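Student: build me a model:
(2 chains)
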Amino acid sequence: MNSSEQTTPLLEVRHLSKHFGAVQALNDFSMAVRPGEVVALAGDNGAGKTTLIKAISGVFQPTAGEILLRGQPVTFATPQEAREKGIETIYQDLALADNLSIGANIFLGREPMRKAFGFLPVLDRKAMAVAAKQTMGRLDFHVSRLDAPVSNFSGGQRQAVAIGRAVYWDAQILIMDEPTAALGVPEQRKVISLIHQLKAQGRGVIFISHNLQDIFAVSDRIVVLRRGVQAGERKISDTNHDEVVKLMVGG
Amino acid sequence: MTSTSPIEQSETHIAPQADHGDPARTWLGRIAEGRAWLFLAGLIICFEVWSRLAFGATFVLNPFNVQSIAIFAVAPLLLATGQTFVIISGGIDLSLGFIMGLAAVVAAHATNMAGAAIPLPLAMLAGILAAVLVAGVPGIINGLLISRLRIPPFIGTLGMFGVARGAAYLLAGGTTVPVQNSWFALLGNGKFHGVPYLVMITAIFVVVMHYILSQTRFGQHNYAIGANVQAARRAGIDIRGHILRLYVLSAMCAGLGGALYAARFTAGAAQAGEPLLLDSVAAVVIGGASLFGGSGTIFGTVAGALVIAVIQYGLVFVNVEPFWQFIAVGLVIIISVLIDQAQRRFSGARQDE
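Tutor: Predicted structure coming up:
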């Protein structure tokens, strides 16, 4: 049980619908994420998970319904706007430039500059490396070579870098789409531990996974989607795998 | 099934093994990165030994040879600096050779025309400026085709290859355009303490391009786009604007190359850059860039351009039939790509585990 039930949710969606022509991808869907809470989104392929996170992260606008951040209604025209408001989406593969260092990835598109010789603007690689070290340290992730390109790292380490970037830019809500897919078991555990860290820092996490094991390991609540509608919402402590599977397939 | 986490126990220590700092790996990686310079050194030593054994004469210690090689390398290097940017971004610019030709013709015409109205040194500057600006036009078109209309760079710039070629020949009236400007001729053939002006200008230009690639956001974004365009887009980088500026930059490099060509030969010719296009790609690849994008440096390309120039000039110097040049340069390109792939397998294997 957690006592944050009364606090204002970090993120709330109310009666969200999204139609693509005649197809109702999402229909009158509501959910909330509180600070320090991990909410799992489960559902079969095509259940509307991706539609939901795309609406939340500003990839497209919902047809109806509203999104509230700390109680304030918001709309996002682009993913950049959502990111500026503190909603960061972490994709499985597409998040990093492999040839750049951790620092360069964290600052990609927002690189700090300094003046060399007092006049020549140059990339401030030292500041990037320092920030990278601190940020990754906060995630209990210690690297010896900060100038190494991230292609030298394993899948779980790269996932940590993507999470580190979100943490550095102070994302309050992290949407993680299948963060453990395509990883080996030890690596999956590292990612799960990272999510525990985010939770401890009071951030909200929306965790999408096909892997019920992972969902039960990390989430506080689980929201099940089926054919664009909410099929059920359970506290993790009050449910089990069988019930969740039943909700997903509609048994 | 219980809902207790099997992970809780392991939560106290999750720091992944920091095993990527292996010094041997780093050391070998450095050598692989600097391979173009090592190759250049080896090549020079070979020619030196050959020259001494066969003719009893020095190759590299002869200042005339060094000057000639440097002059030889200027034009392909100017094209190759722009090409380096484009190849790092994952593209290729096939139009550079004829953009250079177009710029050479424009430089000749503009210098002559301006020379009738304003003092010769100013006319020279006007000619160079006109060449670089006119070269920017096909660059803009390349950039728009690739960024807005999503035409693959190979095809878009191949089309521009033809367009620039035709425009250059039309502008030149199908012939070469002589330049009547003593300052321009001096720029192309004069020296300062034994260093040709052309080499000085190119050296300064290369340093500026190195700065842009390695120290600015533009350069950093160029690497990111070459490695993972999706990640770059998600990071909020303006991909379209970047691609547009990128192809304008590379075309302007060719424009400068054309202007300097016109200065060196005191004439503009549409075919000025025709044989240099593939040399420019070769220089970039020999210099360590990957044609798949995401890697490469300007100084690597400098080494690559010098390797080609040394092979071409050196083989002539030791009196080998000139056709061996093509074979030698071709082999060097193939070897460079093989080394690049071997290095990738070696240092990138971690990803596939």
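
Student: show me the shaky parts of the chain.
Tutor: Let's take chain A. By pLDDT under 70, the weakly predicted segments of chain A are A:1-6, A:92-94, A:251.

Student: actually it's chain B I care about, not the one you picked
Tutor: Residue ranges of chain B with pLDDT under 70: B:1-33, B:346-353.

Student: check which helix or strand covers A:G109.
Tutor: If you go by DSSP states H and E, A:G109 is not part of any helix or strand.

Student: report the central residue of chain B.
Tutor: With distances taken as C-alpha atoms, centre = their mean, B:A80 lies nearest the centre of chain B, 1.4 Å away.

Student: show me the contacts for it.
Tutor: B:279-281, B:283-284, B:287, B:301, B:304-305 (C-beta atoms under 8 Å, 6 or more residues apart in numbering or on different chains). The C-beta positions use only the backbone N, C-alpha and C, and glycine is treated the same way.

Student: mind doing that once more with 7 Å?
Tutor: Counting by C-beta atoms under 7 Å, 6 or more residues apart in numbering or on different chains, B:A80 touches B:280, B:283-284, B:301, B:304-305.

Student: cool, B:A168 as well?
Tutor: Contact analysis of B:A168 by C-beta under 7 Å, 6+ apart lists B:98, B:101-102, B:105, B:270.

Student: for it, give its distance to chain A.
Tutor: Using C-beta to the nearest C-beta, to the nearest Å, B:A168 is found at 36 Å from chain A.

Student: ditto for B:G173
Tutor: Remark: distance between B:G173 and chain A (C-beta to the nearest C-beta) = 45 Å.

Student: from B:A130, how far out is that residue?
Tutor: Going from B:G173 to B:A130 by C-beta to C-beta, to the nearest Å gives 18 Å.

Student: swap in A:F107?
Tutor: 39 Å.

Student: and if you look at A:I87?
Tutor: Taken as C-beta to C-beta, the span from A:I87 to B:A130 is 50 Å.

Student: higher neighbour count, those two?
Tutor: A:I87 (27 against 20; other C-beta atoms under 10 Å in any protein chain shown).

Student: verify the contact between B:V199 and B:V74 for me.
Tutor: Yes - the pair B:V199 and B:V74 passes the contact test of C-beta atoms under 7 Å, sitting 6.3 Å apart.

Student: strands of the stretch 1-150 of chain A, start to end?
Tutor: Taking DSSP state E, counting those that start in this stretch to define them, one finds strands in the stretch 1-150 of chain A at A:11-20, A:23-33, A:38-43, A:64-69, A:72-74, A:87-90, A:113-116, A:120-123.

Student: list the contacts of B:A75.
Tutor: Contact analysis of B:A75 by C-beta under 7 Å, 6+ apart lists B:257, B:260-261, B:276.

Student: how far away from the center of its chain is the helix or strand where it lies?
Tutor: Per DSSP H and E: B:A75 is located in helix B:63-88. In terms of C-alpha atoms, centre = their mean, to the nearest Å, the centre of helix B:63-88 is found 7 Å from the chain centre.

Student: could you list the buried residues of whatever helix or strand comes next after it?
Tutor: Sequence-wise, the next helix or strand downstream of helix B:63-88 (DSSP H and E) is helix B:96-115. If you call a residue buried by 16 or more other C-beta atoms under 10 Å in any protein chain shown, then helix B:96-115 has these buried ones: B:96-112, B:114-115.

Student: most distant residue from the centre of chain A?
Tutor: Going by C-alpha atoms, centre = their mean, the residue of chain A most distant from its centre is A:F117, 40.8 Å out.

Student: torsion angles phi and psi at that one?
Tutor: Main-chain torsions, A:F117, degrees, to the nearest 10: phi 60, psi 20.

Student: mind listing what's buried along the helix or strand B:I44 falls within?
Tutor: In this assignment (DSSP H and E), B:I44 forms part of helix B:35-55. Burial within helix B:35-55, assessed by neighbour count using 16+ other C-beta under 10 Å, is assigned to B:35-37, B:39-40, B:43-44, B:47-48, B:50-51.

Student: swap in stretch A:150-169?
Tutor: For stretch A:150-169, burial by neighbour count (16+ other C-beta under 10 Å) applies to A:150-168.

Student: wait, isn't A:M248 in contact with A:R226?
Tutor: Yes - using C-beta under 7 Å, A:M248 is in contact with A:R226, at 6.5 Å.

Student: list residues touching both of these two?
Tutor: Shared contacts of A:M248 and A:R226, defined by C-beta under 7 Å, 6+ apart, comprise A:G43.

Student: wait, B:A267 touches B:A108, no?
Tutor: Yes - contact status for B:A267 versus B:A108: in contact at 6.2 Å, counting by C-beta under 7 Å.

Student: so which helix or strand takes in the residue nearest to B:A270 when sequence neighbours are not counted?
Tutor: Excluding its sequence neighbours, the residue lying closest to B:A270 (C-beta to C-beta, 6 or more residues apart in numbering or on different chains) is B:A168, at 3.6 Å. In the assignment (DSSP H and E), B:A168 maps to helix B:153-172.

Student: quick one: buried residues of that helix?
Tutor: For helix B:153-172, burial by neighbour count (16+ other C-beta under 10 Å) applies to B:153, B:156-157, B:160-161, B:163-165, B:167-169, B:171-172.
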